[in-house]
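> Got a predicted structure here, sequence first:
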Amino acid sequence: MNVHTVSTTIGGRELSIEIGKLATQADGAAFVRYGETAVLVSACGAKVPREGADFFPLTCDHRDNFYAAGKIPGGFFKREGKPSEREVLYSRMIDRPIRPLFPDGYRNETQVIALVLSADPENDPSALSIIGASTALYVSTLPFTQPVAAVRVGLIDDRYVINPTYPQLEDSRLNLLVAGTEHGITMVEAGAEEISEDEMLRALEAGHDAVREIIELEKELYSHIQPEKLVYEPPASDPEIDRTVEERIRTTLEDALNTEKYDKLTSYARVDNARDEVVASFGEDADDDTVKMVKRSFNALKERIFRDQILHDGIRPDRRAHDQIRPIWIEDGILPRTHGSAVFTRGETQALVTATLGTADEAQKLDRLEGESYKHFMLHYNFPPFSVGEVRRMGSTSRREVGHGNLAERAILPVMPDDEAFPYTIRIVSDILESNGSSSMATVCGGSLALMSAGVPIRRPVAGVAMGLVSEGDNFAILSDIAGAKDHYGDMDFKVAGTRDGITALQMDIKITNVSFEIMGQAMEQARQGRMHILDKMEEAVPAVREELSEYAPRIYTITIPTDKIRDVIGPGGKMIRSIVEQTGVKIDVNDDGRVNIASADGPSAQKAIEIVESLTAVPEVGKTYLGRVVRIADFGAFVEIFPGTDGLLHISEIAEQRIREVRDELNEDDQVMVKVIALDGNRIKLSRRAVLREQRGEPPEIGDDRRDRGRPQGRPRNGDRGGHGRPRRRRPDNR
């Protein structure tokens, strides 16, 4: 067994990578451990290209095993099944930094699998999966020759923390995952609490410094193995065919790529016609290899035209300036029965976004390795095939839809109101109706507008913009609001979302490794200017949050009860709370801190439920008058129920203004009577009807706060000794 282990200290904890012990039949495998979290990552590749593939068939899968945290999965089957949303997102995070590092034109099917084998309650496994994937590929025979690594970065008390723990992230203004090679950053995923562009740039630099340390470990392992890499030869090209294709079709292709002159679908159709025309020009006798080379030459020419026009002619295909945002139009409240809705259109990208308000019991339960939690804000993104004019089967949610929805959700989450101030579960759905450039950022804009339309008191609106980069040597161009070819043929896809006060989300994928932090800084500043322009347009259309909720949205009323009264509202086995729901038709959510949320679309029903809860939990106040019911009569007085389950003693001396000999001369069981609380003695409540009668006649209260002996039959001890409330006390001489 040829086992090699390397380790270093990152973020105050040991990171170790081991190869040669586990999964030895894979082309490459790495066991990565950080704290007590451990991930095994394997890499396997086919020896020959996939027949007919025109893309790199790379598959990356991250799996959370519940046994890693000492847990048994929930649900009926009690085993891991369909990937969770988190597993999908982590799988995408593995794919994005490693895919650009394979050779151009590589078509051998490749699979990377990351299995979480041990999970502690502090350390997230996502960065470990990326490190393990890179190591497994790097020490294998696959043509992956440039290692990558990843770390998380937090910002706590103005201090950058590498690989913050789960508890630390709760207090962090930034949650940044950064991956890169030793030469530069290749992938970024971040959520933030409105941090500045300068703070984000410094976080990227801090993260890349740690990434370089980890890459040294991978290089040390490589030196032990020194694998014989698969020699990959890119598809052959013919300079004569390249020259002929350019001569015959360049002018036609330049015209077809002009999206100022043609809309997206027309432009695409003209490009396809140009390709068919140049292929046909080589004659019907051209063999399959020649046709393939002509098509490759055509695609290379299309990319070269795009890059040359931007870098040398200073023009885009749609003739916009590099920092110009496409035309925007917005319509608020377009759907009458939804709680909130908005259409956001930028150029040929259009998002119809709705907001729905629900109650706490509609929150999403998350069963994760680190424990169960509930999610009260959800954003779901849908990308139907008609949005790009295609015919395609609509199946389950794609990884791309999950990723775009998560990015938009992270962008909006920092401006959402606190649960205490707005105790709703909120779901946003973005349906992309038309797409040509950054529908995820259109979702961010539309999501903010839909929330404002629904009356959700967000702190500030959020907007997003997608940035691009085209570079050759020292010559580069930063492009705002990229679309179409600028996304496909550019060197960077850089999405920034935020408010006027700062960045709330960032996603970056870089196809080259020589993007300097200076260029990133310029891109973020240009993105900030674009974001301000979009926010101006949004605020013109929807100046403020709607003052009233939709008439179709539930109303949630919040009252606070003593925590020791929670059991009275719930009742044995939930009997009382079910009874309230059955009587009123409302939804009730009781929090451990004593907050009770009562949701109903019907105001009177909600008010009735509030009255019941208040009566169950009310605390008597001295000097306050209550309408009570006589529940029991004794020789010394009557017991009066002032709240359900709560009664006090109405002493015989406090029943009437005049002296009475028998309680039943004035009261009987089930009589309703107005009484005032005159004293609280621990859990004992002392009541007076006499005081209420005097007030009703307009007489002032009697002087002194203890009138309980007035009108009492002589010879009976104060408070009695025959089962009365309170303990008998020795009478003073002046009371004889």
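In hand now; what should we look at? Numbers count the residues shown, from 1 in each chain.
> which residues of the stretch 301-450 of the chain fall in strands?
328-332, 340-346, 349-358, 364-368, 371-375, 377-382, 425-434 (DSSP state E, counting those that start in this stretch).
> For the residue lying closest to A23 once chain neighbours are set aside, give the beta-bridge partners.
Spatially, and ignoring its direct neighbours in sequence, A23 is nearest to A29 (3.8 Å; Cβ to Cβ, 6 or more residues apart in numbering). C-beta: built from backbone N, CA, C; applies to glycine. Beta-bridge partners for A29, by DSSP bridges, are S42.
> wait, doesn't A29 sit right on A43?
Yes: A29 is within contact range of A43, at 7.2 Å (criterion: Cβ atoms under 8 Å).
> quick one: which of these two has more around it?
A43 (28 against 24; other Cβ atoms under 10 Å).
> Disregarding flanking residues, what is the spatial nearest neighbour of the more buried one?
In space, A43 is closest to A136, 3.9 Å off (Cβ to Cβ, 6+ apart).
> Can you report how many residues lie near that neighbour?
30.
> Run through the stretch 351-500 of the chain and note the low-pLDDT ranges.
485-488 (pLDDT under 70).
> the helices in it, which residues?
399-412, 439-454, 485-489 (DSSP state H, counting those that start in this stretch).
> which of the ones you listed is buried the deepest?
Most buried of these, by mean neighbour count (mean count of other Cβ atoms under 10 Å): helix 439-454, with a mean of 30.
> Export that helix to CSV, keeping only CA atoms.
The C-alpha trace of helix 439-454 is given here as CSV (Å, rounded to 0.1, in the frame of the first residue of the first chain):
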residue,chain,number,x,y,z
SER,A,439,-32.0,35.8,-15.9
SER,A,440,-30.7,35.2,-12.4
MET,A,441,-30.1,38.9,-12.0
ALA,A,442,-33.5,39.7,-13.5
THR,A,443,-34.9,37.4,-10.8
VAL,A,444,-33.2,39.5,-8.1
CYS,A,445,-34.7,42.7,-9.5
GLY,A,446,-38.1,41.2,-10.0
GLY,A,447,-38.0,39.5,-6.6
SER,A,448,-37.5,42.8,-4.8
LEU,A,449,-40.3,44.4,-6.8
ALA,A,450,-42.7,41.5,-6.1
LEU,A,451,-41.9,41.8,-2.3
MET,A,452,-42.7,45.5,-2.4
SER,A,453,-45.9,44.8,-4.4
ALA,A,454,-46.9,42.3,-1.7
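> how about the residue lying closest to V631 once chain neighbours are set aside, phi and psi?
Leaving aside its sequence neighbours, V631 sits nearest to E641 (Cβ to Cβ, 6+ apart; 4.9 Å). According to degrees, to the nearest 10, the main-chain angles of E641 amount to phi -80, psi 110.
> how many neighbours does the closest residue to P644 other than its chain neighbours have?
Spatial nearest neighbour of P644, chain neighbours left out: S615 (5.4 Å); criterion: Cβ to Cβ, 6+ apart. Neighbourhood size, S615 [other Cβ under 10 Å]: 14.
> Which secondary structure element is home to S615?
Under the criterion DSSP states H and E, the helix or strand holding S615 is helix 603-617.
> Is it correct that the residue nearest to P644 is in contact with E641?
No: with contact defined as Cβ under 8 Å, S615 does not reach E641; the gap is 10.3 Å.
> mind listing what's buried in stretch 547-561?
For stretch 547-561, burial by neighbour count (16 or more other Cβ atoms under 10 Å) applies to L549, S550, A553, P554, R555, I556, Y557, T558, I561.
> Straight-line length of it, end to end?
The straight-line separation of the ends of stretch 547-561 (Cα to Cα, to the nearest Å) is 28 Å.
> now that stretch: how far from the chain's centre is it?
23 Å (Cα atoms, centre = their mean, to the nearest Å).
> Then stretch 291-311?
Put simply, stretch 291-311 sits 40 Å off its chain's centre (Cα atoms, centre = their mean).
> Any buried residues in it, and which?
M293, V294, R296, S297, F298, L301, K302, I305, F306, R307, Q309, I310.
> What separation do you get for G347 and R326?
Shown here: G347 relative to R326, a distance of 3 Å by Cβ to Cβ, to the nearest Å.
> what about those two, which has more around it?
Set G347 next to R326 and count neighbours by other Cβ under 10 Å: G347 wins out with 21 against 16.
> what's the more buried one sitting at in phi/psi?
phi 60, psi -120.
> where along the stretch 451-600 of the chain do the strands fall?
463-472, 475-480, 492-499, 502-510, 555-560, 587-590, 595-600.
> Which elements pack onto the fourth one?
Looking back up the chat, that one is strand 502-510. Judged by 3 or more Cβ pairs under 8 Å, 6 or more residues apart in numbering; DSSP states H and E, strand 502-510 is in contact with strand 185-195, helix 197-225, helix 399-412, strand 492-499.
> And for the fifth one?
Using 3+ Cβ pairs under 8 Å, 6+ apart as the contact criterion, the secondary-structure elements in contact with strand 555-560 are strand 595-600, helix 603-617.
> And for it, what's in contact with it?
Defining contact as Cβ atoms under 8 Å, 6 or more residues apart in numbering, one finds that strand 555-560 is touched by 359, 420, 423-424, 549, 594-601, 603, 606, 610, 613-614.
> Next: the shortest one.
Residues outside strand 587-590 that contact it (Cβ under 8 Å, 6+ apart) are 359-361, 423, 554, 566, 569-570, 577, 580-581, 596-600, 609, 613.
> buried subset of those residues?
In the contacts of strand 587-590, the ones that pass as buried (16+ other Cβ under 10 Å) are 359-360, 423, 554, 566, 569-570, 577, 580, 596-600, 609, 613.
> Between the strands of the stretch 451-600 of the chain, which one is closest to D665.
strand 555-560 (40.6 Å; Cβ to Cβ).
> What residues does the closest residue to G490 other than its chain neighbours make contact with?
Closest residue to G490 apart from its sequence neighbours, by Cβ to Cβ, 6+ apart: G468 at 4.1 Å. Residues near G468 by Cβ under 8 Å, 6+ apart: I478, L479, I482, K486, D487, G490, D491, M492, D493, F494.
> separation between G468 and L479?
4 Å.
> How about I305?
16 Å.
> okay, the angle between the helix or strand encompassing M93 and strand 492-499?
Per DSSP H and E: M93 is located in helix 85-98. The directions of helix 85-98 and strand 492-499 differ by 130 degrees, with axes from the mean of the first three to the mean of the last three Cα atoms, to 10 degrees as the criterion.
> Quick one: name whatever helix or strand follows the helix or strand encompassing K686.
For K686, the element it lies in under DSSP H and E is strand 684-688. Where DSSP H and E defines the elements, the next helix or strand beyond strand 684-688 is helix 690-696.
> Show me what that following helix is packed up against.
strand 672-681.
> Quick one: mean pLDDT over the strand it packs on.
Mean per-residue pLDDT for strand 672-681: 91.
> What residues of stretch 217-225 count as buried?
Buried, per 16+ other Cβ under 10 Å, within stretch 217-225: L217, E218, L221, Y222, I225.
> What residues does the residue nearest to the last one when sequence neighbours are not counted make contact with?
It stands for I225. Excluding the flanking residues, the one nearest I225 by Cβ to Cβ, 6+ apart is V139, at 4.7 Å. When contacts are counted by Cβ under 8 Å, 6+ apart, V139 is found next to I19, G28, A30, L221, Y222, I225, P227.
> how about those residues, which pair is most distant?
Farthest-apart pair in the contacts of V139 is A30 and P227; separation 13.1 Å (Cβ to Cβ).
> quick one, which of the two is more surrounded?
A30 (30 against 13).
> sorry, back to before: output the buried residues of stretch 547-561 in TSV, with distance to E621 appended to each entry.
Shown next, in TSV, are these (distance: Cβ to Cβ, whole Å):
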residue	distance to E621
L549	33
S550	38
A553	35
P554	32
R555	28
I556	27
Y557	22
T558	21
I561	15
